[in-house]
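Trainee: Need coordinates for the below:
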Amino acid sequence: MLNKPLEGVKVVDLTYFVAGPGTAKILADWGADVIKVEPAFGDPGRGTGAGMTCPADNDCNPFYTTYNSNKRGLSVNLKSAEGKEIMDRLLGKSDVLVTSYRTGALKRLGLDYESLCDRHPHLIWAQVNGFGDYGPAKDNPGFDTVAYWARSGAMMDIAERDTNPINPPIAFGDSVTSCSLAGGICAALYRKLRTGKGDKVMVSLFGQAIWNVGALVASTQYEDEYPKSRKEAISPVINSYQCKDGKWIFLSILEHERYFRILCDQVLDRAYLAEDDRFSTTLEAKKNAAVLIRILDQEFRKHTQDEMVERLTKADIAHERIQHVKDVLSDPQAIENQYIMERSNRDGTKTMYAATPVKFGSVKAGNDYDAPLVGQDSEEILAELGYPREDILRWMDDGIVTVVKA
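Mentor: Okay, here's the model as predicted:
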């Protein structure tokens, strides 16, 4: 059985789109009871998949389910007096509030940290935003495309030189950021276990991106320039090469002096290259990178990808096929470790879903259940909070509480 270290932890998920929901999804997978709180119209992320050619309705919504399965759903109008009281009672019985609302909106709802910390000192208040809490961009809308990719330099400097900036994959930066916020929340939970006190935990997409390009932050201060070209890579043996069949391999030799001779002799059948003073050491290979890359280009094009994989594997040289994301759907390494899993949707169709990456005790995942519909569990959750059924029914009639049945 998969261990659930957060069993008994109650999390209120007041988030939308991906980075916030992804954080709460990770906590749910680790055993927390996560309650997704939405307005009557729902998280706008419910419709994002449609722009990516995914189904995006109540019966089948793969994009939304990726970041929202294993949660329960409560829909309440937080602008009403009754909705505010319901939320306050829920927070009083919860351990964590995760939010991706902008701070201004939270202040208007009375859900910012300063409004809650005295009333609920036990509560861990966790927020993800675009650009951080200070500075001229602190109130800017911050999707990962702008805050993570564009402003950090990643969009420009990861691209091949003299081409366009990359077209960033949707939710990539969001997903990475959600892992950091989940880790921060767990650190705060540990502190709470020792002290009984809650905390404020913050992460931004911009800050996460800067951490992710931290090596470049250091190196570009010392004449390392980006973007780069694979034709003039700083290390010819840490580079991509195209094979005879048009497919690509990434070669990753970090110990040049140890493995370059093996590459030349056992893989390329060109032992004389290892004796060439221009290429035999790390520094000389870097000085003559463009020449060596042209030679390696020619050698790789003599063999198919399968043939090169066989040769490199036999020589114990680090490498990998450069795949498309779609190739992962049938990748045995991903499937055996349950990094990707087939799940049934409400309409009976099946979809392969990416799994959250950290597991405890076993690689075998538990039984996921679908992302909740808007307010799917409202009645159950309100009853757990001690509200009488007549109040719940009245709130439903008045539009304060919404319930969408599966």
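Trainee: tell me, what residue is most central in the chain?
Mentor: The residue lying closest to the centre of the chain (C-alpha atoms, centre = their mean) is residue 175, at 1.5 Å.
Trainee: Need the per-residue pLDDT for it.
Mentor: Per-residue confidence for residue 175 comes out at a pLDDT of 98.
Trainee: Report how many residues lie close to the closest residue in space to it that isn't next to it in sequence.
Mentor: Take residue 175 and drop its neighbours on the chain: the residue closest to it by C-beta to C-beta, 6 or more residues apart in numbering is residue 22, 5.5 Å away. All C-beta atoms are positioned from the backbone trio N, CA, C, and that covers glycine. Other residues near residue 22 number 27, with proximity taken as other C-beta atoms under 10 Å.
Trainee: Check the one 10 residues further on too.
Mentor: By the other C-beta under 10 Å criterion, the neighbourhood of residue 32 contains 28 residues.
Trainee: Next: residue 16.
Mentor: Here the number of neighbours of residue 16 (other C-beta under 10 Å) works out to 20.
Trainee: backbone phi and psi for it, please?
Mentor: Summarising the backbone geometry of residue 16 under the convention degrees, to the nearest 10, its torsions are phi -150, psi 160.
Trainee: what about the residue nearest to the centre of the chain, distance to residue 118?
Mentor: For residue 175, the distance to residue 118 under the criterion C-beta to C-beta, to the nearest Å works out to 34 Å.
Trainee: Residue ranges in the chain under the pLDDT threshold?
Mentor: When residues are selected by pLDDT under 70, those of the chain lie in 1-2, 363-367.
Trainee: Against which helices or strands is the longest helix along the chain packed?
Mentor: Here the longest helix in the chain is taken by residue count, with DSSP state H as the criterion, and it is helix 172-195. Based on contacts counted as 3 or more C-beta pairs under 8 Å, 6 or more residues apart in numbering; DSSP states H and E, the elements that helix 172-195 packs against are helix 19-29, strand 96-99, strand 124-129, strand 199-204, helix 205-212.
Trainee: tell me the angle of that helix relative to strand 199-204?
Mentor: For helix 172-195 against strand 199-204, the angle by axes from the mean of the first three to the mean of the last three C-alpha atoms, to 10 degrees is 170 degrees.
Trainee: and helix 172-195, which residues are buried?
Mentor: In terms of neighbour count (16 or more other C-beta atoms under 10 Å), helix 172-195 has its buried residues at 173-182, 184-186, 188-189, 192.
Trainee: residues in contact with that helix?
Mentor: When contacts are defined by C-beta atoms under 8 Å, 6 or more residues apart in numbering, helix 172-195 is touched by residues 6, 9, 17-23, 25-27, 30, 67, 95-96, 98, 122, 124, 126, 128, 144-145, 147-149, 197-199, 201-205, 208-209, 211-212, 357.
Trainee: Tell me how far that helix lies from the chain's centre.
Mentor: The chain centre lies 13 Å from the centre of helix 172-195; the measure is C-alpha atoms, centre = their mean, to the nearest Å.
Trainee: now swap in stretch 190-205 and tell me
Mentor: 21 Å.
Trainee: again, but for stretch 378-390
Mentor: 34 Å.
Trainee: CA atoms only for it - export them in PDB, please.
Mentor: Taking C-alpha atoms only, stretch 378-390 is exported to PDB below (Å, rounded to 0.1, in the frame of the first residue of the first chain):
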ATOM      1  CA  SER A 378     -21.100  20.800  -0.600                       C
ATOM      2  CA  GLU A 379     -23.900  19.100   1.400                       C
ATOM      3  CA  GLU A 380     -21.500  16.600   3.000                       C
ATOM      4  CA  ILE A 381     -18.900  19.200   3.900                       C
ATOM      5  CA  LEU A 382     -21.400  21.600   5.400                       C
ATOM      6  CA  ALA A 383     -23.000  18.800   7.500                       C
ATOM      7  CA  GLU A 384     -19.500  17.900   8.800                       C
ATOM      8  CA  LEU A 385     -19.100  21.600   9.800                       C
ATOM      9  CA  GLY A 386     -22.300  21.200  11.900                       C
ATOM     10  CA  TYR A 387     -24.800  23.100   9.900                       C
ATOM     11  CA  PRO A 388     -28.400  21.800  10.000                       C
ATOM     12  CA  ARG A 389     -29.900  20.500   6.800                       C
ATOM     13  CA  GLU A 390     -32.600  23.200   6.700                       C
END
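Trainee: ok, and for it, which residues are buried?
Mentor: Within stretch 378-390, the residues that qualify as buried by neighbour count (16+ other C-beta under 10 Å) are 378, 379, 381, 382, 387.
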